[in-house]
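**Q** Need a 3D model of the sequence below.
(chains A, B, C, D, E and F)
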Protein chains: 6
Amino acid sequence: MTKRIAAFGEVVMRLQVPGVELLSQANTLNYSFSGTGVNVASALARLGHTGFLVSTIPDNALGDAAIANLHKLGIDLSYIYRSGEYIRMYFLENGFGVRPSRVTNSSRQETSFNIAPEATYDFVDIARNIDVVHFCGITLAVNESIRNYMKTFARAVKKNSGTVVFDCNYRPLLWSSQGGYEKAKLHYEEMLELADIVMMNEQDAMFVLGMNTKKEEREAQLKDLIPVVANRYNISVIAGTHRYINNDNTHSLRGFLFKNQTFTFSSVITFSVYDRIGAGDAYTSGIIHGELTGFAPEKTVAFATAAGMLAHTIVGDTPISSERDILRAMTETVGDVER
Amino acid sequence: MTKRIAAFGEVVMRLQVPGVELLSQANTLNYSFSGTGVNVASALARLGHTGFLVSTIPDNALGDAAIANLHKLGIDLSYIYRSGEYIRMYFLENGFGVRPSRVTNSSRQETSFNIAPEATYDFVDIARNIDVVHFCGITLAVNESIRNYMKTFARAVKKNSGTVVFDCNYRPLLWSSQGGYEKAKLHYEEMLELADIVMMNEQDAMFVLGMNTKKEEREAQLKDLIPVVANRYNISVIAGTHRYINNDNTHSLRGFLFKNQTFTFSSVITFSVYDRIGAGDAYTSGIIHGELTGFAPEKTVAFATAAGMLAHTIVGDTPISSERDILRAMTETVGDVER
Amino acid sequence: MTKRIAAFGEVVMRLQVPGVELLSQANTLNYSFSGTGVNVASALARLGHTGFLVSTIPDNALGDAAIANLHKLGIDLSYIYRSGEYIRMYFLENGFGVRPSRVTNSSRQETSFNIAPEATYDFVDIARNIDVVHFCGITLAVNESIRNYMKTFARAVKKNSGTVVFDCNYRPLLWSSQGGYEKAKLHYEEMLELADIVMMNEQDAMFVLGMNTKKEEREAQLKDLIPVVANRYNISVIAGTHRYINNDNTHSLRGFLFKNQTFTFSSVITFSVYDRIGAGDAYTSGIIHGELTGFAPEKTVAFATAAGMLAHTIVGDTPISSERDILRAMTETVGDVER
Amino acid sequence: MTKRIAAFGEVVMRLQVPGVELLSQANTLNYSFSGTGVNVASALARLGHTGFLVSTIPDNALGDAAIANLHKLGIDLSYIYRSGEYIRMYFLENGFGVRPSRVTNSSRQETSFNIAPEATYDFVDIARNIDVVHFCGITLAVNESIRNYMKTFARAVKKNSGTVVFDCNYRPLLWSSQGGYEKAKLHYEEMLELADIVMMNEQDAMFVLGMNTKKEEREAQLKDLIPVVANRYNISVIAGTHRYINNDNTHSLRGFLFKNQTFTFSSVITFSVYDRIGAGDAYTSGIIHGELTGFAPEKTVAFATAAGMLAHTIVGDTPISSERDILRAMTETVGDVER
Amino acid sequence: MTKRIAAFGEVVMRLQVPGVELLSQANTLNYSFSGTGVNVASALARLGHTGFLVSTIPDNALGDAAIANLHKLGIDLSYIYRSGEYIRMYFLENGFGVRPSRVTNSSRQETSFNIAPEATYDFVDIARNIDVVHFCGITLAVNESIRNYMKTFARAVKKNSGTVVFDCNYRPLLWSSQGGYEKAKLHYEEMLELADIVMMNEQDAMFVLGMNTKKEEREAQLKDLIPVVANRYNISVIAGTHRYINNDNTHSLRGFLFKNQTFTFSSVITFSVYDRIGAGDAYTSGIIHGELTGFAPEKTVAFATAAGMLAHTIVGDTPISSERDILRAMTETVGDVER
Amino acid sequence: MTKRIAAFGEVVMRLQVPGVELLSQANTLNYSFSGTGVNVASALARLGHTGFLVSTIPDNALGDAAIANLHKLGIDLSYIYRSGEYIRMYFLENGFGVRPSRVTNSSRQETSFNIAPEATYDFVDIARNIDVVHFCGITLAVNESIRNYMKTFARAVKKNSGTVVFDCNYRPLLWSSQGGYEKAKLHYEEMLELADIVMMNEQDAMFVLGMNTKKEEREAQLKDLIPVVANRYNISVIAGTHRYINNDNTHSLRGFLFKNQTFTFSSVITFSVYDRIGAGDAYTSGIIHGELTGFAPEKTVAFATAAGMLAHTIVGDTPISSERDILRAMTETVGDVER
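**A** Okay, the predicted model is just below:
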């Protein structure tokens, strides 16, 4: 039973130095187009749903390139609007071993998405046409106008009995010029009240929502705080992960799902990492898919964790694994060539 | 003392996505030409022998490309014939970590090799000019006409007191449309009766030849079944490997050789894998080289296992290590830059 | 006023040697997915219409790659079906100066499109949902089953008062094993009787339809034969081009349109050629767009010829120029950098 | 006798699609760093002078890349400052034949250069250390603060008896949001009064300075207006070019120099174009070099025109020909391989 | 009737900057292996003969790379010896338009070929096994030891009634440190006396052999001097070309053949040039093929000129056109894609 | 407090096969310019000092490329001279897993650096302008003339109260043709007597200086011999590393510093290796920077070891880490993407 899911967010151009050279050594870049909304819409399209992106893109050659690449990802572009001149960009230098990867951002001001005028989106109409909407904290940090769009859109969806997903995704840098946690907290609370499914963990509760716990272990903190959050903001499902970076550069991931007052955890899985960016969105998409499809919590959290794991092995920010790929990754061990 | 070895088999075009992108992400392919026969002829040419390939290749630009690349591998092309229009192809997407590599095949029907008319090959003449001939189970699976060529060729070689090598190399997919194990068994038995050196392990004995054992460990099964096979089909040498894929994506390999009623095993060696395809052919070539050169069984099996290991570190299907490279890999540990 | 146009045809994988090396020199290929139907659907999508492709694609990694790339071209894939294992391929070596480009085809047998079973397409349903359908002679040459699909589809469209476009596109090689012109003629005549808009020139009339003329100049032959064709098969619009290849490797193109018993010609335009394949489909798309949009014949033929010219300057088979690009190319001379 | 020349201007990152694909087709970009100041400083460094760039660059990985590449061009970076976060970028798609090249700009707001605070530059100190300063109209269009820096810097140089070069380089787009020609004229006049050597032609006189002429031919207009400009603003040397784009995509260039009330013209030279951007800066640098070295006007203008021509044959915006290269290009015809 | 032709000469590694960047701009090189002997042996192998190279190559990884690439060109390597450490290299920067291509050589001293000890080659044995030997003036310039090898080899071939081909190919730079024309003349005369087929034109006669003519036009000089040379040194066939480089960067070529006291000329053909180096060797190979195959002089010279022309359109120094390709190029005009 | 450091040594062109192909498989090379002197001058420039290279480079296109790339590394080229024709080159094939990387050298004879005439360098003048000079054992092995330059230069620096650094860097191959350890020892001793800071470990003491120890463990040998060396040749600081190559292809490094009769050791750090060549020069530069900046021995040796470690993660021979990068690598564990 496929659903119609819309993600609201900015399209970002990723410009990546191939291999492991630095920007000051290389002279070539690979580019692609991503963003949390792009990643979620694409991932859910691969899982068999219709994934819309609701966004604004410049009406020039860069915008055309974005359009072609979003099409390629299988996203439905019925709610993409064209205006403005600029697209957000980030430059990525791959790390190696002890040397971490590094991101350099272009200006976020004046981008088509950030200055799209109010008349751009007819949220009431879109809300009528979808089952689920997805928002994230990165978008919430943009500016007052975008925050209003988010809340208007979320309310329209709720009015149509749709499901609202909110990924906390707090990035301190984005709020620092706007007054930091204080200001963020207000807007996060508004979104949490509108949300049915929330992606977060204990750190969001402590840092963004200012909650306290006397526990010291991450899992204990989680078990202490997440039920309070679910209760306070009336949230059906809260899910998230704990990530550990090991000395041999592998990562370990453990997913959790809190629903009906009960925690469900995935096992801890450990894996090599090719492309870390966007893997969180794969996890989110796995949770949404599990919930929409009516998986048992154990299956949902295992599916989402496997989806997150696979996303680390795929080139680019955007998850493109099929349900079959993910189900196999849940059960199989490392295998020989498939031939 | 160099020998003249001919391998009979199809030339296959390998089209590989560079890096670890999927076919649906990339837009570039690297291509090369391989196949079990190509790999064995090339590997033995590097080891100082004359390696012939006996095959048919299309008479067009793709065939010209195959010719140029087989030349580059150092194979003697005196018995390459040109007719037909199509060459077999396979597409390879590299895996990463938990995501396995993936092969997609083009049509095997109508290829130049598969439809080469009977008059193409003068097996009697070729047999007079060579010391050893190599066949494999992949070729045996093609069609009735090719199976007849193999048996005719093998008999011609035996008549000239040459050595027949047969690599069981059973691929279930290739037989499924022809009646599966039942049908395959008949042809395998014919080849085993003609063969002096056979590459196989206990799984071939059980699945293809339908043999039974009450043992449960692979090594015990091997020790149970291989002597029976050698005896039943009057085979001088049976060799093969056990492969283990470890959690950290390294592979472990242990070679064995059964000759004069005695098993000889290599130590288990563990190594990182760059390109897995064709590594089995490097092992086969090591066994053939050891036998032709008169190595002691211990040296032959260690040499073949090291040859197999090195083939995993080389780009492409086709082994290209020299005897010096392999001998050094048998004795040395991981080293610093050679400068 | 945008229209809904469906093209029926095979998706073909193009594997091109980059630069001007031969297949026997290079080791890298660029790949993309095209085909007459792909080209027409994509071109019309760029011109603001909804361009559907009606086709069958293998359900494997190559098929996934085709899907991603058709999406990227902006084609609507609602009528793409997945079955079978193989996709048609052609290899392209670029020429240079006096050395012509060269195409090598893979097997056309057994491709997903060519063996798609009858139940695959619900042509009645598709016909209800579109305004125009496009067919071409390359598809007509495939096999009896495909020819039946084409005729069934064309009749369904006519029944719904839709427009049928047929591009003669005769390729002798494709018919040679089926009995050549004799057999082709029958099927071409059936298609011409169903068609409203036909792409052809005097050579198709003479060679495929077996018509005669005493004129010796191409233009005179054209003026002699095309009105007869239009009349005999009751065709509203016949359009096509004359191409001349000049000594300095530029090409010259002159478009014509026959409608309401009147010929309209474009001026002869001369231009450098980067990628010749698919340029004819750009011309076709220009004619369709002109007719659908209600351009005057002079504008339609000039527009189509400019679209054809631009397609020679674009990488790949598939036209991707916008209406704005084409209108500008109709009026402007060679320009400086646009900055 | 080498001189010390400083150019004041922004460093721009050029991101170019390799080959002739569009941004919506490709996924790779080549990047380099240029800008009028960069081009002039580099060109004069190749001609044996010390070429300084006076500019501000972000203090991040992109800035580091700019530094490395300006170093590579041989520019003296003693007056490069690091602050701010953003660098100006432009994307370049190469045209082919009738399809023109296309530039898409990133945001010019907020770049390190455009918002560099007043304390950044000690123009008095720099002026003491140089013989010549170069400015251009693109920089003049930035904002009021940058315009003040230019005038302050120019006055400091004049006070030290240095030479001020000003390249009019009017770009309508850059002034359109600031009030257009009206506003530009005021600032241009201020710069012309400070300048000793000015790069311009009759179009700058007419459009920017609002001058009139009854002549209709470009050369006649030039001869009418340039002496008036030289006289009115007390300019020693005015130089520029007329460019013609031919139907076969070659360009023709004719340089002129007005000095001591006399015009000197180069012959018209015609050549193929590989990379057009930055060629004007090569011409400017040739004029500056000729004047600094004391060439006769005939030699200066021929040298500058040849420098401009060569710059069209070099990859990238930035001229890198040596004096020897340019002198040879002035005299020789097209040659065979130099070996 | 295929022949056995050996070429004696050095293998040279060509390192070419891709595209049209300079060595100081790029960071990548394409490499291949060529040399006059390589080119002639490869070209004749493509024309159906057995082409041997007689040479010495270092016994290291670079030598292995040379071996693989000579194999790929289809050359018979039976007379390749391995000793020494170094291979000659040249770096190639492609020109564009008015900017010529540029060659930078590595050291020619100490290369494996140049210091190969006398015992390396058994010329008597080789001579018995071949029909034709090819030498060139570049090899003659190396050193006294190599000159002795050439003369010994040529005498051995003549003793076996083989044909000796000598290509004058005078390069002033190579003789300058050895005493120039004076010294060269002596060795050239020795080679001419041993040769049956000689490649040269009037400039070799004047500059190397010191002959005089009062004619001023090239053709008149040629007609004046070549018969004298043929007579003086008793040469059966003298052939060569006149090359003209046109203003639009096309080249024109006219071949001639002097045999039986008669000149035969090809028509002047004009063509675009992709890779000029090695094209002279294609012409030579065409002449040898025509003579060996018994073509009429008109066909031989037309064939050789077409072979030379095609070699300009092929990537790399080494001609790889088939007889079919060349015959077609002799008759056809520029064509459309072959598909 | 930045210092002025000059390194005396040859510029070497590195030609590296991309990926892990062998030279006999690939056809592309990446090139860069390095050498011990280049590496040290560049590394110290990144650490905020002025890094001069004192060297001679050919006056041709390869030399121009070297100049551009040394500029790019931020080295001050005031003491680079241009003469001669050849540059030293080495070819690098990357290993994988058990297959080691492999270096093939071009001829070292006749390079511009090795034959630079005595008048090239004014060491007295250079010595006046610098604080520190760096030499290494590779340069000492070149020839008598270069050895004399080194000693003259070292004495000039000492006369100006500058610091002399000498890196023993003994390469047996380079001395073998000159009489081996015997001859080397004399020159090493001369350099040690002139040096203030020496890079070496116990193996240099035993093999080059012929010293004996009864200890069997490396650390015990080190502690036995280094104090004797420091005392005998009156050296202030001796530093070096012990490297271990682990079975999983990681390397472990432990740095030591002997100063004021006291050993200071870094901890053993273990890391993945991307590019091993030049990492020793990063360690040396770290020691020099620590000493020049007045770090405590513990900080110096930890800093140098971290610098060495980071150099293994950077593409190319030449270290380019900033002080900030190295300080962070000293304290932090493996991290997530920096964004």
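
**Q** can I assume A:L186 sits in a strand?
**A** No. Counting by DSSP: H, G, I helix; E, B strand; the rest coil, A:L186 falls outside a strand, being helix.

**Q** Please tell me how far it sits from A:C136.
**A** Distance from A:L186 to A:C136, counting by C-beta to C-beta, to the nearest Å: 17 Å. Every C-beta, even on glycine, is put in place using the N, C-alpha and C of the backbone.

**Q** same check, this time on A:T104
**A** Look at A:T104 and A:C136: by C-beta to C-beta, they are 21 Å apart.

**Q** Next: A:L292.
**A** Taking C-beta to C-beta, one finds A:L292 at 18 Å from A:C136.

**Q** And those two? Which one has more around it.
**A** Counted by other C-beta atoms under 10 Å in any protein chain shown, A:L292 and A:C136 do not tie: A:C136 has more neighbours, with 28 against 21.

**Q** Who is the residue nearest to the more buried one when sequence neighbours are not counted paired with across the strands?
**A** The spatially closest residue to A:C136, leaving aside those adjacent along the chain, is A:D167, at 4.1 Å (C-beta to C-beta, 6 or more residues apart in numbering or on different chains). Counting by DSSP bridges, A:D167 is bridged to A:C136, A:M199.

**Q** Isn't A:D167 up against A:V133?
**A** No. The pair A:D167 / A:V133 is not scored as a contact, 11.8 Å apart, by C-beta atoms under 8 Å.

**Q** any common contacting residues for the two?
**A** Common neighbours of A:D167 and A:V133 are not found (criterion: C-beta atoms under 8 Å, 6 or more residues apart in numbering or on different chains).

**Q** ok now do the residue in the stretch 51-200 of chain A positioned nearest to chain C, which residues does it touch?
**A** The stretch 51-200 of chain A approaches chain C most closely through A:K72 (3.9 Å), counting by C-beta to the nearest C-beta. For A:K72, the contacting residues are C:A68, C:N69, C:H71, C:K72, by C-beta under 8 Å, 6+ apart.

**Q** what separates it from B:Q16, distance-wise?
**A** Using C-beta to C-beta, we find A:K72 at a distance of 21 Å from B:Q16.

**Q** A:P227 now?
**A** Taken as C-beta to C-beta, the span from A:P227 to B:Q16 is 51 Å.

**Q** out of the two, which sits in the more crowded spot?
**A** Using other C-beta under 10 Å as the criterion, A:P227 and B:Q16 rank with B:Q16 on top: 23 against 15.

**Q** Quick check: closest non-adjacent residue to that one.
**A** Nearest non-adjacent residue to B:Q16 (C-beta to C-beta, 6+ apart): B:L92, at 4.3 Å.

**Q** show me the contacts for the one you found.
**A** Applying C-beta under 8 Å, 6+ apart, we find B:L92 in contact with B:R14, B:L15, B:Q16, B:V17, B:S101, B:R102, B:V103, B:I277.

**Q** closest to chain D among those?
**A** Distances from chain D to the contacts of B:L92, taken as C-beta to the nearest C-beta, are shortest for B:V17 (13.3 Å).

**Q** what sits against the closest one?
**A** Contacts of B:V17 by C-beta under 8 Å, 6+ apart are B:L23, B:A26, B:T28, B:L29, B:F91, B:L92, B:E93, B:N94.

**Q** Hmm, the third one is touching C:T28, no?
**A** Think B:T28. Yes. Shown here, B:T28 and C:T28 form a contact pair, counting by C-beta under 8 Å, at 6.1 Å.

**Q** what does the model give A:P18 for pLDDT?
**A** We have a pLDDT of 96 for A:P18.

**Q** Give me the secondary structure label for it.
**A** With three-state DSSP as the basis, A:P18 sits in coil.

**Q** I'd like the distance from it to D:Y244, if you could.
**A** 40 Å.

**Q** A:R232 too?
**A** Distance, A:R232 to D:Y244, by C-beta to C-beta: 74 Å.

**Q** Next: A:A127.
**A** 58 Å.

**Q** Of these two, which one has the most company?
**A** A:A127 (21 against 12).

**Q** mind listing what that one touches?
**A** For A:A127, the contacting residues are A:V133, A:F153, A:A156, A:V157, A:K159, A:N160, A:G162, by C-beta under 8 Å, 6+ apart.

**Q** My read is that the third one contacts A:Y121, right?
**A** It stands for A:A156. No. A:A156 lies out of contact with A:Y121 (C-beta under 8 Å); the separation is 10.0 Å.

**Q** And A:Q109, what's its pLDDT?
**A** Looking at A:Q109, its pLDDT reads 81.

**Q** May I have the secondary structure class of it?
**A** The three-state label given to A:Q109 by three-state DSSP is coil.

**Q** how many neighbours does A:N247 have?
**A** Neighbours of A:N247 (other C-beta under 10 Å): 10.

**Q** Helix, strand, or coil at it?
**A** Secondary structure, three-state DSSP: A:N247 is coil.

**Q** ok, now which ones touch A:A65?
**A** Counted by C-beta under 8 Å, 6+ apart, A:A65 has contacts A:Y31, A:F33, D:L22, D:L23, D:S24.
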